[in-house]
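Peer 1: Requesting a structural model of the entry that follows:
(one chain, ligands or ions: 1)
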Amino acid sequence: MTVQQKPIGILGGTFDPIHHGHLRLAIELYERLDLDRIHLIPSAYPPHREQPSASAELRLAMVQAAIAGVEGLVADDRELRRAAPSYMVDTLCSLREEFPERSLCLILGMDAFMGLPHWHQWERLIEYAHLVIVQRLGKLLPMSEVIRDFLNTHQVTELHELERRTAGAIFIQEIPMLTISATQIRALLSMGKNPCYLLPEHVLKLINTHQLYR
Ligand code: ATP
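Peer 2: Purely as a prediction, here's the structure:
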């Protein structure tokens, strides 16, 4: 199927809280991949890690506050409308139902990509979307045999491959990444320190209003 419109990017995360690392990543990819938009999807009940500190509703509110008025970024609440656990394969399936003819690009950090075989029904992800793997400039990690075979089967090196079909390709994009993590921000707040400049001011206001991460 030839795709008529620009691809839609999908960035899932716990966003506990969302920070400038996530936002720069999203904007860099929106521009470099010439995406139509990126859906930021808070994971309501992440299956692969400890449950987040802030509620899913507050994490969604922080995402909405962070991207208000920013072209190309959209807050997507679909995982909050589903029962636990929040499997990515179900999220992609629902996006595919909503956008049957669009190219969909699931954005994954290289670390997440390496751990993909632990995800629920991981081999089906690529039936619903392309995978865009982001890695820091010049940072190459050793790969397991399963992941290397998966990559060899699906990797493309030309960007236009993501526009030519709706799913099924893996594209690796090197980008500069800010060394900011939500863990670092939660740690600063729990010690009573000020995390300003690591995350948008509106997000910090919400954190203070709701006394999060104390
Ligand atoms: P935590 O510290 O709680 O594990 P986090 O800061 O890594 O959280 P997540 O919500 O787990 O944030 O990340 C969502 C997505 O954003 C993941 O794909 C992750 O690789 C990516 N990401 C996180 N931090 C950065 C950053 N500083 N630069 C670029 N991408 C990032």
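
Peer 1: Buried residues of the lowest-mean-pLDDT helix or strand in the chain, list them for me.
Peer 2: The helix or strand of the chain with the lowest confidence, counting by mean pLDDT, DSSP states H and E, is helix 110-114 at a mean of 92. Neighbour-count burial for helix 110-114 flags 110, 112-114 (criterion: 16 or more other C-beta atoms under 10 Å). For the C-beta atoms, the positions are set from N, CA and C on the backbone; glycine is no exception.

Peer 1: That helix near the ligand at all?
Peer 2: Yes - shown here: helix 110-114 in contact with the ligand (C-beta under 6 Å from any ligand atom) through A112.

Peer 1: Pull the distance from that helix to the chain's centre.
Peer 2: Taking C-alpha atoms, centre = their mean, to the nearest Å, the mean C-alpha location of helix 110-114 is offset from the chain mean by 12 Å.

Peer 1: Quick one: residues in contact with it.
Peer 2: Here helix 110-114 makes contact (C-beta atoms under 8 Å, 6 or more residues apart in numbering) with 131, 133-136, 139, 141, 143-144, 147.

Peer 1: Tell me the one of those residues nearest C196?
Peer 2: R136 (24.5 Å; C-beta to C-beta).

Peer 1: how near is the closest one to the ligand?
Peer 2: Applying C-beta to the nearest ligand atom, to the nearest Å, the value for R136 to the ligand is 8 Å.
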